[in-house]
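Asker: Dropping a prediction and its sequence here:
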Amino acid sequence: MFKKRAVLAIIVSIIIAGSTTFGTLMYLESRDYRNVLQSQYERSLYNLVSDVEQIQVSMSKIPVSASQKQSLLMFADVWRQANAAQERLNSLPISNAALQDVSKYLSQVGDFCYALLKAANRGESLTQTEWNNFDKLKSYSQYLSTQIHALEQDVSQGRMDWGEIRTAGKEIFEKRLQNSVETKFEQIAESMQKYPTLIYDGPFSENVLNIKPRVLSEKEISLGKAKEIAANILGKDKVESISQYSDKKGERIPAYALSVKMKGRRDGEVNIDISKNGGHVVYMLDSRDVNEDKIGMKAAVERGRKFLESIGYRDMIPTFSLKYDSTALVNYVYVDGKHVVYPDQIKLKIALDNGDIVGIESQHYLIAHYDRDIPNPRITPEEARKNVSQKLNIRNVRLAVIPMESLREVYCYEFYGDYDGEKYIVYINSQDGNEERILKIMDTPNGELTM
């Protein structure tokens, strides 16, 4: 009898242990599945924020375009972005009833812009009624961008989970279109653009990276020479030792990747890449801690300009700057005579505790820079102004060189102005008067970005 009870106890123990193990495994699998789903939802929401912001930006550019070609492109952009936003929206775990008005809006703005695209393609101008409808849709895009951005922030910072969204979604999105149009909303507080290591690349960056690097035509240098150049840039009296940690042969700009130990420093080394062709600094990042601000942005921008001049980059002017984590992130471009040459840009990261240069990124400059033979404009600024929308209040005009997707460079008049409380830059070809590009300047708490 005792043996039977012992065997029974063992069997029961095995069953309990097995059930517990199975339950634990099922829980872990369920948790992992839930985490995967949550990551997918968060990615869809993040992409939805980006899509809606792009709709708002694209729609805001259309009224300041005087070119039929540019209008066609921007109407097509809104149509495409609205369709993409609807796909993201439908993938979220929110009831269809809660999202009805938002989905309806995205369908309306997409269909409306597609209709305007076809009308513009036939050479027809928008009627005043169409402009009024367009303005209403544009107003709601600002509201929608603000609301979805706030929701994304709540999720990413843990103030709301997806279970709450299932129940709160209706309250978040149930406001009617007419009410939201009549309500005045503040401009987007912060762009969803992620900062790269140094700074947002600004306009035309991707175009520049497609060019074959012109620095490759320069003479190759030795490792010893590269170390000497790095020491001169950082200050020979401040450098304790330099070693090579990588040989970047496969990069677009082959470089000696160097690690520099600074004298009297305990908080990180300096990584600096020196190009094998010509011996130019391609990239530099000082990982030291940056303390509280002691100098202002204006002083930092000027220090950056003087630093570039000291290492051989002359005629550089600042175009955009941001304040980020006690550092100034500044974009400088080359000036050739009267032309601002946007392909030739260098980005600096400047510490606001003492003004040190703690980051350099000159890849764009080394790829694109060469001695250009820039032709004189064939049309006057006044003639070019006729091809800019009369709705744009012009504040400044200058000559510029911009790169296009086709890799060719275009010589333009750059018209800086504002419309409806927002700032824009319009580029008119200085040779034939075509409207080449429109950029919108976005104000953020840390500075300005262009889109």
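Answerer: That came through, no problem.
Asker: Just after whichever strand or helix holds residue 102, pick out the following helix or strand.
Answerer: Using DSSP states H and E, residue 102 sits within helix 100-121. Sequence-wise, the next helix or strand downstream of helix 100-121 (DSSP H and E) is helix 128-156.
Asker: list the buried ones in that next one?
Answerer: 134, 136-149, 151-152, 154-155 (16 or more other C-beta atoms under 10 Å). Using the backbone N, CA and C atoms, a C-beta is placed for each residue, glycine as well.
Asker: One more: stretch 244-258?
Answerer: Under the neighbour-count criterion of 16+ other C-beta under 10 Å, stretch 244-258 has 248, 251-258 buried.
Asker: cool, and stretch 368-388?
Answerer: Applying 16+ other C-beta under 10 Å to stretch 368-388 flags 368-369, 372, 374, 377, 379, 384-385, 387-388 as buried.
Asker: before we move on, what about stretch 346-355?
Answerer: Neighbour-count burial for stretch 346-355 [16+ other C-beta under 10 Å]: 346-353, 355.
Asker: What about residue 274? Give its phi and psi, please.
Answerer: Main-chain dihedrals, residue 274, degrees, to the nearest 10: phi -110, psi 130.
Asker: before we move on, what SS does the residue nearest to it when sequence neighbours are not counted have?
Answerer: Among residues not flanking residue 274 along the chain, residue 226 sits closest, at 4.0 Å (C-beta to C-beta, 6 or more residues apart in numbering). Classification of residue 226 using DSSP: H, G, I helix; E, B strand; the rest coil returns helix.
Asker: mind listing what residue 226 touches?
Answerer: With contact taken as C-beta atoms under 8 Å, 6 or more residues apart in numbering, residue 226 is in contact with 256, 258, 274, 276, 279.
Asker: Among these, which are located in strands?
Answerer: Cross-referencing the contacts of residue 226 against strands under DSSP state E gives 256, 258, 274.
Asker: Pipe the residues you listed into CSV and attach distance to residue 308 per row.
Answerer: Output for the ones in strands among the contacts of residue 226, formatted as CSV (distance: C-beta to C-beta, whole Å):
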residue, distance to residue 308
256, 21
258, 20
274, 16
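Asker: May I see those residues arranged in a markdown table, with pLDDT and distance to residue 211 as well?
Answerer: Shown next, in a markdown table, are the ones in strands among the contacts of residue 226 (pLDDT from 0 to 100; distance: C-beta to C-beta, whole Å):
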| residue | pLDDT | distance to residue 211 |
| --- | --- | --- |
| 256 | 93 | 23 |
| 258 | 93 | 26 |
| 274 | 94 | 21 |
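Asker: of all the residues you listed, which comes closest to residue 67?
Answerer: Nearest to residue 67, judged by C-beta to C-beta, of these is residue 274 at 43.7 Å.
Asker: Do I have it right that that closest one meets residue 229?
Answerer: Yes - using C-beta atoms under 8 Å, residue 274 makes contact with residue 229 at a distance of 5.4 Å.
Asker: those helices in the protein, which residues are they?
Answerer: 2-61, 68-90, 100-121, 128-156, 162-173, 177-182, 205-209, 223-234, 297-310, 363-368, 381-385 (DSSP state H).
Asker: For the ones you listed, which has the smallest mean pLDDT value?
Answerer: Note on those: helix 177-182 shows the lowest mean pLDDT, a mean of 30.
Asker: hmm, which two among the buried residues of stretch 346-355 are most spread apart?
Answerer: 346 and 353 (22.1 Å).
Asker: Nearest to residue 363, out of the contacts of residue 226: which one, please.
Answerer: Nearest to residue 363 among the contacts of residue 226, with distances taken as C-beta to C-beta, is residue 274, at 12.8 Å.
Asker: By pLDDT, give me the weakest of the buried residues of stretch 244-258.
Answerer: The minimum pLDDT among those falls on residue 248, with 72.
Asker: so what's that residue bridging to?
Answerer: As for beta bridges, residue 248 partners with residue 255 under DSSP bridges.
Asker: just to revisit the earlier point, report all helices and strands that the helix holding residue 102 contacts.
Answerer: helix 2-61, helix 68-90, helix 128-156, helix 177-182 (3 or more C-beta pairs under 8 Å, 6 or more residues apart in numbering; DSSP states H and E).
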